[in-house]
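[1] Got a predicted structure plus its sequence, pasted below:
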Amino acid sequence: MQNAINKAKALIEAMEYIRQFKDKIVVIKLGGSILDDEVLQRELLRDVVFMHTVGIMPLLVHGGGKHISRAMETSGIEPEWVHGRRYTDRITLKIVEHTLINEVNKPLCDILTELGCDSMGLHSMSSCAVTGKPLVLREDGRKLDLGYVGEVESVNSRLLEKLCRAGTIPVLAPLGIDIAGQKLNINADSVAGVVASAVGAEKFVLLSDTHGIRENIDDPESRISSISEDEIKSLIDKGVIAGGMLPKIDSCLKAIDGGVGKAHIIDGRLQHSLLLEIYTEEGIGTQITK
């Protein structure tokens, strides 16, 4: 009996959040171990379908770095890195495109369809919602050669909003096309943050292999539940936030600066982490506010 009562209490707690986020877009970035584990994917996408069912409009952006690395290894190509970016020549770009579309994007769409939702994969071989431009990095005044690596220049927010309001879940691969028609490999975190801003998302949720921001990286109990933009900048200056967390933080700040209400970094490996972060008072990750 108590178990049933607890379930009822959870539903009541969720009701206010369901009302609050009804008919609002929530951008969810998928990355990390989720994309390597079909069971985790299905569990997570079931939660996305739940959100869709109760009136939220999910919009998914995915990465796929590990898939790309494995595909390059299979092809006998040694990856090159320039300041943390994968150098992308024409051969690498073909591998990136094929892998992201066929090994990541399509399976995600297929699972959503199996779970009863309409979805649409958006990428360089379909309706591409992202216009890109070559990413320019400099070192000692010298321009670095990154090949066909890009950054987001604009987002077709009208297309994305129309799909969401028509009941379709957009699933974006981190690929863009420039004004000349050249395809570009773009960092998925960056794409997600800019997309969240462009569509006026209510929330931006970044799923990864970390519980969120920690004051002490080695202490899981030091997770920061809620933090402001100014506090984040202070932790970056102190070196508390560094390494692989920086691009995630940057994407969250892009979303917040672009008008998104709140950004969240959560561990997608935890069962129902997405629902717990959105529909409960405490949450399980780190909430980032302006």
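    Arrived safely, thanks for sending. Because the structure is predicted, anything quoted here is derived from the model rather than measured.
[2] Tell me the buried residues in stretch 221-234?
    Neighbour counts over stretch 221-234 (16 or more other CB atoms under 10 Å) mark R223, I224, I227, E229, I232 as buried. (Each C-beta comes from the backbone N, C-alpha and C, glycine too.)
[3] Filter those down to the ones in strands?
    Among those, DSSP state E puts I227 in strands.
[4] is it possible to export the buried residues of stretch 221-234 to TSV including pLDDT and distance to A14?
    TSV is the format used below for the buried residues of stretch 221-234 (pLDDT from 0 to 100; distance: CB to CB, whole Å):
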residue	pLDDT	distance to A14
R223	84	22
I224	87	24
I227	90	24
E229	88	28
I232	91	28
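[5] Determine which two of the buried residues of stretch 221-234 are furthest apart.
    Farthest apart among the buried residues of stretch 221-234 by CB to CB are R223 and E229. That separation is 18.2 Å.
[6] residue ranges for the strands of the stretch 151-290 of the chain, please.
    For the stretch 151-290 of the chain, the strands defined by DSSP state E, counting those that start in this stretch cover 168-172, 175-177, 183-186, 203-208, 226-228, 262-267, 286-289.
[7] Now distance to Q20 too, for those, in TSV please.
    Formatted as TSV, the strands of the stretch 151-290 of the chain follow (distance: least, CB to CB, whole Å):
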stretch	distance to Q20
strand 168-172	20
strand 175-177	33
strand 183-186	32
strand 203-208	10
strand 226-228	17
strand 262-267	12
strand 286-289	14
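[8] Highest mean neighbour count out of those strands?
    strand 203-208 (a mean of 27; mean count of other CB atoms under 10 Å).
[9] Which strands or helices does that one pack on?
    In terms of contacts (3 or more CB pairs under 8 Å, 6 or more residues apart in numbering; DSSP states H and E), strand 203-208 is packed against strand 25-30, helix 188-198, helix 245-257, strand 262-267, helix 273-279.
[10] Low-confidence ranges, the stretch 1-150 of the chain, go.
    1-8, 10 (pLDDT under 70).
[11] Which parts of it are helices?
    For the stretch 1-150 of the chain, the helices defined by DSSP state H, counting those that start in this stretch cover 2-21, 38-53, 65-74, 90-98, 106-114.
[12] For A201, find the nearest of these.
    When these are compared by CB to CB, helix 2-21 sits nearest A201, at 10.5 Å.
[13] shouldn't V260 be in contact with F204?
    Yes - counting by CB atoms under 8 Å, F204 is a contact partner of V260 at 5.0 Å.
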